[in-house]
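Colleague: I'd like to go over a predicted model; first the sequence, then the structure.
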Amino acid sequence: MSREKEFVIVVNGTEHEVAGEVVTYDNVVTLAFPGQPVTPEYAVTFEHAQHPKKGTLASGGSVTVKKHGTIFDVTPTNRS
């Protein structure tokens with residue numbers, strides 16, 4: 001199996017391989033909190049991406065990552 005299309009991202013300090021260059025809010029939240037429901041109650045920030053370079057990823061959004069090293073921080077918010 002060719003590994004050319006795999007990308008390595010970092011979510012909350014842990015490396016994860018993803019199959020494509022476009023990563024969604026749902027993908028990142030699932031990697032950060034496996035087994036938990038994906039809801040809009042998470043704050044997702046990123047840096048070192050291909051496009052856009054850095055910012056906040058909202059529910060329903062996506063970002064184009066670099067081949068290696070795009071960093072995501074996912075934290076639950078205090079919304080009820």
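Modeller: Received, thanks.
Colleague: the strands in the protein, which residues?
Modeller: 7-11, 14-18, 22-24, 42-47, 55-57, 62-64, 68-76 (DSSP state E).
Colleague: need those in JSON lines with distance to Gln36 and mean neighbour count, can you?
Modeller: In short, each C-beta sits where N, CA and C put it, glycine included. Formatted as JSON lines, those follow (distance: least, CB to CB, whole Å; neighbours: other CB atoms under 10 Å):
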{"stretch": "strand 7-11", "distance to Gln36": "13", "mean neighbour count": "20"}
{"stretch": "strand 14-18", "distance to Gln36": "15", "mean neighbour count": "13"}
{"stretch": "strand 22-24", "distance to Gln36": "16", "mean neighbour count": "18"}
{"stretch": "strand 42-47", "distance to Gln36": "9", "mean neighbour count": "17"}
{"stretch": "strand 55-57", "distance to Gln36": "17", "mean neighbour count": "16"}
{"stretch": "strand 62-64", "distance to Gln36": "20", "mean neighbour count": "18"}
{"stretch": "strand 68-76", "distance to Gln36": "9", "mean neighbour count": "17"}
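Colleague: Reformat those strands as TSV; add mean pLDDT.
Modeller: Output for the strands of the chain, formatted as TSV (pLDDT from 0 to 100):
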stretch	mean pLDDT
strand 7-11	97
strand 14-18	97
strand 22-24	97
strand 42-47	97
strand 55-57	97
strand 62-64	97
strand 68-76	96
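Colleague: Could you dump those into JSON lines with distance to Ala32 added?
Modeller: Listed next are these as JSON lines, based on distance: least, CB to CB, whole Å:
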{"stretch": "strand 7-11", "distance to Ala32": "5"}
{"stretch": "strand 14-18", "distance to Ala32": "9"}
{"stretch": "strand 22-24", "distance to Ala32": "12"}
{"stretch": "strand 42-47", "distance to Ala32": "7"}
{"stretch": "strand 55-57", "distance to Ala32": "11"}
{"stretch": "strand 62-64", "distance to Ala32": "14"}
{"stretch": "strand 68-76", "distance to Ala32": "4"}
